[in-house]
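Q: Build the 3D model from these lines:
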Amino acid sequence: MRKETVKTDVTVVGGGLAGVCAAIAAARLGQKVALVNNRPVLGGNSSSEVRVWVCGATSHGIHRYARETGIMGELFVENQYRNKDGNPYLWDMVVLEAVQAEPNIQLFLNTDVHEAEADEEAGGGRRIRSVTGWMMGSERSIRFESPVYLDCTGDGLVGFLAGAKYRLGREAREEFNEEWAPEVPDDITLGSTLLFYTKDAGHPVKFIPPAMAIDVTQTSITENRIIRSGDNGCAYWWIEFGGEQDTVHDNEAIRDELWSIIYGIWGYIKNSGKFDAGNMTLEWVGSLPGKREYRRFVGDYILNQNDILAQREFTDRIGFGGWSIDLHPPQGVYATESGSKHMYSDGSYHIPFRSLYSVNVNNLLMAGRDISASHVAFGTTRVMATCAVIGEAAGTGAALCAAKGITPRELHAGHLQELQQTMLRQDASVLGLRNEDVADLALRAAVSASSERSRFAVEESAFTVLLETDIGITVPADPLLDGIELLVDAGEAAELTVELWETGRPENYVPHALVQTASASVSAGERQWVKLALHWQPETPRNAFLIVKANAAIALHMADQPASGMLAYWKRDKPVVSRDFGENQPAQPLVLWDKKKFDHTAPCIRLAGPTQAFAADKAVDGYLRPYGGPHFWSSEQLVPGRPEWLELSWSTPVAIREVHITFNDDVNEDLINLHHHITPFDILPTLVKDYRIEAYTGGEWTMVAEVQDNHKRKHVHTLSEAVTTDRLRFVVLSTNGSGYAEIIEVRAYA
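A: Purely as a prediction, here's the structure:
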C-alpha cells in the first residue's frame with residue numbers, strides 16, 4: 001500500500017457543488033486547498049452519475065431576481081454558453097474545469113475518506129488533526145492535514161467521525177414552534193431517488209421487465225403519480241424511497257427498491273397499452289441513489305421554519321435561498337398523498353454564518369445539506385444551488401480562518417464585516433449588504449457617464465393581453481413615482497383602474513400595503529395612452545407594485561422584449577390548492593402572482609417623470625443585485641457607432657493595479673444545468689459584449705484593458721503595472737443584444 005500525507009491550508013471533503021464552490025472560494029483567496037471526492041466526477045447529485053438538475057433560489061422561475069451569482073452563478077452562465085441543451089457529461093466538464101482552473105487546488109477524485117483523527121482541546125471543544133482516505137483504483141492511502149476542514153459530504157461523515165454534534169430526523173413542533181414539524185420527534189428523513197432517461201429508437205423496441213420489477217398496478221403509484229411516456233430524468237423526482245429507513249446504512253437496499261420501481265414503471269409504460277411508447281427505449285438508468293437527507297450538524301445557530309418564512313435579516317447573513325420549504329411524505333413513491341408540499345416565503349430568505357460551523361468541533365465548517373438547520377428549514381436549504389452559495393461562504397470563511405489562525409467562531413465574533421465584504425468583492429449571493437471596502441478606490445470617486453437612462457418607457461407593442469385578471473407590474477420609484485401611462489385597447493367605453501402597492505421588504509416583489517388607487521375613463525378604440533395620476537415618494541428608493549385591475553373590455557399592450565428594472569405578473573384566478581394542506585390553505589402571494597407567463601416581455605408603459613434608478617452613481621452604490629431597485633447604470637438607447645462610457649474621477653491622482661467590472665446578466669433569468677427547460681440564448685443579451693478600460697494619462701486616454709466577445713458577468717483585470725491617473729473610463733462598444741449599456745458595479749484597487 002502506498003501511503004501519503006498531503007498538507008494544505010484547507011481540506012474540503014465532498015465534491016458536490018457545495019464542496020466545489022467552497023474549494024474555489026478558498027483557493028481564490030490564496031489558500032492551498034485539498035478537494036477530496038469519493039466519486040470519479042464532481043458535481044454530486046448534479047453530475048452525470050445522478051443527473052438531478054440544479055435548483056436554487058429562483059425555484060424554477062417563481063422567485064424574482066433570484067438566480068445565484070458568485071461561483072454558482074459563474075457555473076450557470078458558463079454552462080449556458082457551452083451547453084445550452086443540458087448534456088450531463090458537458091456539465092461534468094464545466095464543473096471540473098472550474099476546479100482545474102485554480103492552481104491552489106489539489107483535486108483527489110475516487111478518494112473515500114473513512115477516518116478522522118480528532119481530540120479534545122484544553123480550552124473546550126474538539127479539533128480535527130487529520131482525515132484519511134483511500135483512493136480507489138490507485139491503492140493509495142492519503143492522509144490530509146490542515147488547520148481547517150470543511151464537511152461537504154452531504155451525509156456529514158467527516159464531522160461524525162470527528163465527534164461533531166448532529167441531528168437526524170425531525171424535531172418536535174414545540175422545539176422551534178414550527179407549524180410543519182410533527183408533534184413528537186422521530187428519525188424520519190426525506191428519501192433517496194434514482195432517475196432514468198429514455199429515447200425514441202426509431203423502430204419498435206420490446207421490453208421484458210427484469211425479475212426485480214414490481215407490478216405498479218398493484219400499488220398506489222398509478223393513481224397518485226403522473227406517468228407519461230415522454231417524461232424522463234427529473235420529471236420522475238417522485239421515484240423516492242427510504243424515508244422510513246436509514247438512507248446511509250440501508251443505501252444498497254434502497255437502491256434495489258428504486259431499481260424495481262423504475263423497471264416497474266417502464267414496464268407499465270411499454271406494455272400496458274396505455275401509452276404511445278412502441279419505439280421508446282431506456283437510454284440510461286441511474287445506479288447511485290441521489291440522497292436528500294441524513295445528518296444535520298449543530299452549529300451556533302439552528303435555522304428554522306420561522307426564520308425562512310419571516311425572511312429573518314441576520315446580521316451575519318452570508319447567502320440567500322428561495323426554494324420553497326419542500327417536504328415529502330415518509331413513504332415516498334408509495335404514499336397516497338402528493339409527492340411533496342411547498343411553502344414559499346414572500347421573497348428570498350437569508351442564511352446566517354453561525355449555521356455553517358460546528359458548535360463543538362472548533363476547526364470544522366460545513367456546507368451543503370448538512371448545515372445547522374431544523375428538518376423543516378432543511379426542506380429549502382437542501383437544493384443544490386443554495387448548497388453552492390453556502391459552500392462559497394464556508395470556503396471564504398475557511399480561507400480567512402486559515403490565514404488568521406483562528407476558529408470560525410472567532411471569525412464570526414471579530415471579523416464578520418471582513419467576511420461579508422470579502423464575499424461582496426467576490427460577487428457572492430448576498431442580499432441587502434453593500435460594498436464598504438475601504439480599499440476600493442471607486443467608492444471615493446466622482447462618477448459620470450456618456451448618458452443615463454432617465455426616461456423609463458416601453459413603447460413598441462408586439463401583442464395585447466386582455467385584462468381577464470389583474471396584471472401586476474413592478475417599476476422603480478427612485479426617488480419617486482409621479483404618474484404613469486399605459487398603452488391599451490378598449491372594445492367599448494370602460495374604466496381603467498390601477499392600484500399602487502409597496503412591497504414591504506426591499507427584496508420582495510409582491511403587493512404588501514396599498515398606497516393609492518387611480519382610475520381613468522377609456523373610450524372605445526385602439527392604441528390609447530392612458531394617464532393615471534399615481535404619486536408615491538418613499539423614504540428611500542423602492543419598487544412600486546402596480547396592479548392593473550381586471551376589466552375584460554380592456555387589453556394591455558405588451559412588448560416582446562423584457563425591460564431591465566421592470567417585471568410583469570399574471571394573477572392566478574385562485575390560490576394554488578393542494579390537498580396536503582387540507583382546509584388550511586396557506587397564503588402564498590409569490591405563487592399567486594405568476595411572473596413566468598410574462599418572462600421575456602414587458603408591458604407598454606411610460607413613467608411620467610424622470611427616474612434616477614439607472615444613474616451613473618448606481619455603479620458604485622455598493623449593491624450587486626436588485627434590492628429595492630435595479631442598482632446598475634444604464635445608458636440611453638444605444639446608437640450604432642457611438643460608444644457609451646462610465647467614468648470615475650478623483651480630485652488627486654491614484655495608483656491603480658486592479659480593476660473589477662460587473663455586468664448585468666439579468667438574474668431574473670432562470671438558467672438550469674440540465675434539461676428542465678432550455679433558455680433560448682447562449683449568452684444573456686443584457687451582458688456587454690465588447691469593451692475597453694481607459695486611463696487618462698499624459699493628457700490623453702490610454703487603453704489599459706480590452707475584452708471582446710464577453711459572455712461573463714464579472715471580470716477582474718490585473719494590470720501589468722500600476723497606472724497613476726485621476727480618471728478611469730469603462731467604454732462599452734457593443735452588447736450581446738440589449739439596446740442599452742448596463743454595468744452593475746466597478747471597483748478599483750491600488
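Q: Tell me where the stretch 101-250 of the chain is predicted with low confidence.
A: Within the stretch 101-250 of the chain, no range satisfies pLDDT under 70.
Q: Okay, strands next: where are they in the stretch 351-500 of the chain?
A: In the stretch 351-500 of the chain, the strands defined using DSSP state E, counting those that start in this stretch lie at 364-366, 446-449, 457-458, 463-467, 471-477, 481-490, 494-502.
Q: Can you name the residues in contact with the first one?
A: Taking C-beta atoms under 8 Å, 6 or more residues apart in numbering as the criterion, the residues outside strand 364-366 that touch it are 22, 128, 148-152, 156, 158-159, 162, 164, 297, 299, 356-358, 372, 394, 397-398, 401, 408. All C-beta spots, glycine's among them, are computed from the backbone N, C-alpha and C.
Q: Apply 6 Å and report the result again.
A: Strand 364-366 is contacted by residues 149-151, 159, 164, 297, 356-358, 394, 397-398, 408 when judged by C-beta atoms under 6 Å, 6 or more residues apart in numbering.
Q: Same check on the last one?
A: By C-beta under 6 Å, 6+ apart, the list of residues contacting strand 494-502 from outside reads 511-522, 530, 532, 534, 536, 544-549, 551, 553-554.
Q: And the helices in the stretch 51-200 of the chain, which stretches?
A: Per DSSP state H, counting those that start in this stretch, the stretch 51-200 of the chain carries helices over the ranges 70-82, 88-100, 157-162, 173-176.
Q: what's the most buried one of the strands of the stretch 351-500 of the chain?
A: strand 364-366 (a mean of 32; mean count of other C-beta atoms under 10 Å).
Q: pLDDT on it, on average?
A: Strand 364-366 carries an average pLDDT of 98.
Q: quick one, domains of this protein?
A: Split into domains by automatic domain parsing, the chain comes to 2-170+310-315+345-425, 192-285, 441-451+617-749, 457-607.
Q: so how far does the second one reach from one end to the other?
A: Using C-alpha to C-alpha, to the nearest Å, the gap from the first to the last residue of domain 192-285 comes to 15 Å.
Q: what about that domain, distance to the chain center?
A: 30 Å (C-alpha atoms, centre = their mean, to the nearest Å).
Q: and if you look at the third one?
A: What separates the centre of domain 441-451+617-749 from the centre of its chain is 23 Å, taken as C-alpha atoms, centre = their mean.
Q: just to revisit the earlier point, would TSV of the strands of the stretch 351-500 of the chain with distance to residue 208 be doable?
A: Listed next are the strands of the stretch 351-500 of the chain as TSV, based on distance: least, C-beta to C-beta, whole Å:
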stretch	distance to residue 208
strand 364-366	46
strand 446-449	69
strand 457-458	58
strand 463-467	51
strand 471-477	54
strand 481-490	60
strand 494-502	60
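Q: right, so of these, which gets closest to residue 98?
A: Residue 98 sits nearest to strand 364-366 of all the strands of the stretch 351-500 of the chain, at 20.4 Å, using C-beta to C-beta.
Q: low-confidence ranges in the stretch 551-700 of the chain?
A: 574-585.
Q: make it 80
A: Applying pLDDT under 80 to the stretch 551-700 of the chain flags the ranges 573-587.
Q: all helices of it, in order?
A: Using DSSP H, counting those that start in this stretch, helices in the stretch 551-700 of the chain cover 589-592.
Q: Could I get the full set of strands for it?
A: Using DSSP E, counting those that start in this stretch, strands in the stretch 551-700 of the chain cover 551-559, 567-571, 593-594, 602-603, 605-607, 633-634, 644-663, 688-697, 700-707.
Q: Same list (the ones you listed) but as CSV, adding distance to residue 461 and mean neighbour count.
A: Listed next are these as CSV, based on distance: least, C-beta to C-beta, whole Å; neighbours: other C-beta atoms under 10 Å:
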stretch, distance to residue 461, mean neighbour count
strand 551-559, 4, 20
strand 567-571, 14, 22
strand 593-594, 22, 20
strand 602-603, 10, 23
strand 605-607, 11, 21
strand 633-634, 22, 29
strand 644-663, 26, 19
strand 688-697, 28, 20
strand 700-707, 36, 14
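Q: quick one, which of these is nearest to residue 263?
A: With C-beta to C-beta as the criterion, residue 263 lies closest to strand 593-594 of the strands of the stretch 551-700 of the chain, at 37.1 Å.
Q: just checking, what packs against that closest one?
A: With contacts defined as 3 or more C-beta pairs under 6 Å, 6 or more residues apart in numbering; DSSP states H and E, the packing partners of strand 593-594 are strand 567-571.
Q: same thing but at 10 Å, please
A: With contacts taken as 3 or more C-beta pairs under 10 Å, 6 or more residues apart in numbering; DSSP states H and E, strand 593-594 sits against strand 471-477, strand 567-571.
Q: can you give me how far the first one is from the chain middle?
A: The one in question is strand 471-477. 23 Å.
Q: so it versus strand 551-559, what angle?
A: Between the axes of strand 471-477 and strand 551-559, defined by axes from the mean of the first three to the mean of the last three C-alpha atoms, to 10 degrees, the angle is 50 degrees.
Q: Also the shortest one?
A: Between strand 567-571 and strand 551-559, the angle comes out at 150 degrees (the same axes, to 10 degrees).
Q: the longest strand in the chain is where?
A: strand 714-735 (DSSP state E).
Q: that older thread, the helices of the stretch 51-200 of the chain: which one's closest to residue 659?
A: Judging these by C-beta to C-beta, what sits closest to residue 659 is helix 70-82, at 18.4 Å.
Q: Could you point out which of the domains of the chain sits nearest residue 333?
A: Nearest of the domains of the chain to residue 333, taken as C-beta to C-beta: domain 192-285 at 5.5 Å.
Q: circling back: tell me the most buried of the domains of the chain?
A: Mean neighbour count (mean count of other C-beta under 10 Å) peaks for domain 2-170+310-315+345-425 among the domains of the chain, with a mean of 22.
Q: Which elements pack onto the host helix or strand of residue 746?
A: According to DSSP states H and E, residue 746 maps onto strand 742-749. Strand 742-749 sits against helix 408-425, strand 633-634, strand 644-663, strand 688-697, strand 714-735, with contacts defined as 3+ C-beta pairs under 10 Å, 6+ apart.
Q: So for residue 14, which of these sits nearest?
A: It's helix 408-425; of the helices and strands packed on strand 742-749, that one is closest to residue 14 (C-beta to C-beta) at 17.2 Å.
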